[in-house]
Each structure stands twice: as structure tokens, then as C-alpha cells.
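Q: Kindly generate the corresponding structure for this input.
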Amino acid sequence: MKRSEINSIMKDAKEFLEEMKWKLPPFAYWSPEDWETKGEEYNEIRDNMLGWDITDFGSGDFHKVGLFMFTIRNGNFSDEKYIKPYAEKLLIVEEEQVTPYHFHWSKMEDIINRGGGNLMVKVYNSTEDEQFADTDVTVMVDGRWYTVPAGSVIRITPGESITLPSGQYHSFWGEKGCGKVLLGEVSKVNDDRVDNRFYEKTGRFPAIEEDEAPLHLLGNEYPKAK
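A: From the prediction side, this is the model:
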């Protein structure tokens with residue numbers, strides 16, 4: 001992805017979040033120059049990759065296959081000083097913008113439609129060799145448990161949420177004609193470097209072409225504390 005595209009996505013996200021009356025934490029607005037002045041007291045942000053997270057999953061077309069995320073809080077798999085056993089993110093999904101099939105070996109998550117359009121979620125169980133299973137899938141939507149055939153699509157309307165257990169394949173997108181979707185994600189500790197199993201080969205973190213200066217740093221770009 002080009003840095004100019006990432007900057008544009010950040011600007012659009014901030015405008016959408018203002019429309020939805022959702023505020024980001026102060027560190028969301030720090031510039032790269034601001035980060036050069038931040039000491040070790042901000043290492044939780046650095047070490048747990050809080051902040052901006054924008055990916056096209058290696059597709060080369062963010063608006064077709066891509067996802068905007070902002071990690072608000074997170075624990076850590078390997079560093080015991082970070083005691084949070086949970087994580088929270090904001091996500092923005094565009095109409096028909098696909099997040100590819102994946103599951104998490106460790107993380108269990110709730111995806112909450114905070115407003116805007118409808119989220120469409122397609123689900124499969126996984127087999128022992130991490131393929132799609134043909135078995136019925138247990139769906140958990142706002143405390144209601146029920147089963148659906150493999151490959152079913154669940155519509156999550158504003159205010160609704162779905163629980164996705166570890167090992168359950170899911171892909172999602174915004175329903176056509178309904179507008180962008182603002183999502184919340186509440187989960188166990190999140191580490192996208194080691195806990196994603198994509199069904200097809202996918203680039204989780206984009207290679208960036210530096211065609212202009214960054215507006216804000218991504219969560220995997222922070223400089224070390226001085």
C-alpha cells in the first residue's frame with residue numbers, strides 16, 4: 001500500500017468516527033515527531049501494538065479486500081507485566097469490503113455492530129488439518145445459541161453482536177446498499193503476528209511504499225523509547 005493511501009484512509013476514518021460520535025484516545029492523534037518525544041511510560045502502547053492498523057491483506061485493493069482497525073487496549077502473550085487478559089478494537093468495514101476467511105488459535109472475540117450498516121458474517125468450523133468442515137456451526141448472537149449449516153451467512157444489524165470462538169473460520173463484509181459499518185471488537189488478548197490462520201495465503205501487515213510522510217504511525221511502526 002502507498003503511504004498516501006493509508007493517510008487518506010486515516011482521514012476518512014476520523015471523519016466517520018466523528019459522524020458516529022466515537023472518540024479515539026489522545027495517542028491516536030500523535031504525529032511521528034510526537035512519538036520521538038515519548039518515553040518508556042508509553043511502552044504498553046508500543047509493546048502491545050495499540051493504535052492504527054490498516055491492511056489490504058496483500059490484495060492491492062483495500063476497498064475490495066481490506067480492513068481498518070484501531071486497537072484501543074490489549075494484553076500480551078509473552079510479557080507478564082501487561083496484566084490485561086482482554087483486548088478492544090474499533091473496526092470500520094465498507095460496503096462489500098471483504099475480510100478474508102481466517103480463525104484464531106487462541107483468541108475468542110465478540111464482534112459488535114456499533115452503528116451504520118449491516119455486517120455479513122460467513123462461518124465454518126475448522127477440521128483438524130485446518131480446512132473447512134462440513135458440520136453445522138454453533139452461532140452465538142447476543143446470548144442466543146443456535147446452529148446453522150456450514151457456510152451460512154449471518155446478518156448482524158446495528159446493536160447486535162456475534163461471538164466467534166477460536167477455531168471457527170469467519171469472513172465478513174458490509175452489506176451492499178447499507179453504508180459503512182462501525183464495529184467494536186472485545187476479545188481475549190490479541191496478537192495478529194502469531195494468532196491468525198488465514199484459509200488462503202494472505203499478507204496481514206502491508207508493505208508500504210513511502211510516497212509521502214506518515215500522518216500517524218501504525219501500531220507496528222513506533223520508535224523505541226529514548
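Q: only C-alpha atoms for contact and neighbour calcs from this point on.
A: Will do.
Q: could you measure the residue sitting nearest the centre point of the chain against Arg114, distance?
A: What sits nearest the mean C-alpha location of the chain, by C-alpha atoms, centre = their mean, is Met69, with 4.4 Å. Going from Met69 to Arg114 by C-alpha to C-alpha, to the nearest Å gives 14 Å.
Q: and stretch 185-204, how far out from the chain's middle?
A: Computed by C-alpha atoms, centre = their mean, to the nearest Å, the chain-centroid distance of stretch 185-204 equals 9 Å.
Q: I should have written stretch 205-216 there, sorry.
A: That offset, for stretch 205-216, works out to 19 Å (C-alpha atoms, centre = their mean).
Q: What's the end-to-end length of that stretch?
A: 16 Å.
Q: now it: mean pLDDT?
A: The pLDDT scores in stretch 205-216 average 95.
Q: Okay, buried residues for it please.
A: 205-206, 215-216 (16 or more other C-alpha atoms under 10 Å).
Q: and what of stretch 133-149?
A: 133, 136-141.
Q: list the contacts for the closest residue to Met1 other than its chain neighbours?
A: In space, Met1 comes closest to Ile208 once its chain neighbours are excluded; the distance is 5.0 Å by C-alpha to C-alpha, 6 or more residues apart in numbering. Neighbouring residues of Ile208 by C-alpha atoms under 8 Å, 6 or more residues apart in numbering: 1-3.
Q: Put the buried members of these into a ChimeraX selection.
A: Those of the contacts of Ile208 that count as buried under 16+ other C-alpha under 10 Å are selected in ChimeraX with:
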select :1,3
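Q: now the contacts of Ile208 as CSV including secondary structure, pLDDT and distance to Glu94?
A: Shown next, in CSV, are the contacts of Ile208 (DSSP: H, G, I helix; E, B strand; the rest coil; pLDDT from 0 to 100; distance: C-alpha to C-alpha, whole Å):
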residue, secondary structure, pLDDT, distance to Glu94
Met1, coil, 96, 18
Lys2, strand, 97, 19
Arg3, helix, 98, 20
